[in-house]
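Peer 1: structure here, sequence nowhere to be found:
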């Protein structure tokens, strides 16, 4: 007879939940890295534009200055939005981390329950085997006494 854990389906469910939570965490981290990369790119673009405009010698038209200011305002707005999005993703990551820890704890609890169940089964099997061996020994002893 083989060991069968009666709650194997629950254990499998908990393992899948943990794996799903882990992959969601990975997706959030990838999203965060993408936002950070885009944010760095925009900051660099802003810095490059300011440097380029400062190097321009001679007179500058008011329309050019206004256009430059509008572009900087556009970049600043986009940077602000990305920073807010980054903060939201970081919050999601923190929440997902807590959920992942909870899922790992639940999975571990069910694994421990399975191990205890297996240990109990093994002890029961040893007892059955020992009882059988004791019975065989008693029968052999009885037959040896009869043959004397």
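Peer 2: Cool, the structure landed. The model shown is predicted, which means the values in this text are computed figures rather than measured ones. Numbering: from 1, shown residues only.
Peer 1: which residues does the residue nearest the centre of the chain contact?
Peer 2: For the chain, the residue nearest the mean C-alpha position is residue 22 (2.1 Å; C-alpha atoms, centre = their mean). Applying C-beta atoms under 8 Å, 6 or more residues apart in numbering, we find residue 22 in contact with residue 100. C-beta: built from backbone N, CA, C; applies to glycine.
Peer 1: secondary structure element for it, which one?
Peer 2: Using DSSP states H and E, residue 22 falls within helix 8-55.
Peer 1: burial of residue 15, as a residue count?
Peer 2: Burial measure for residue 15: 15 neighbouring residues, criterion other C-beta atoms under 10 Å.
Peer 1: cool, residue 21 as well?
Peer 2: Residue 21, neighbours per other C-beta under 10 Å, totals 19.
Peer 1: distance of it from residue 54?
Peer 2: 49 Å (C-beta to C-beta, to the nearest Å).
Peer 1: and if you look at residue 125?
Peer 2: 83 Å.
Peer 1: who's more crowded, those two?
Peer 2: Taking other C-beta under 10 Å, residue 125 and residue 54 do not tie; residue 125 has more neighbours (12 against 8).
Peer 1: and residue 58, what's its pLDDT?
Peer 2: As predicted, residue 58 sits at a pLDDT of 65.
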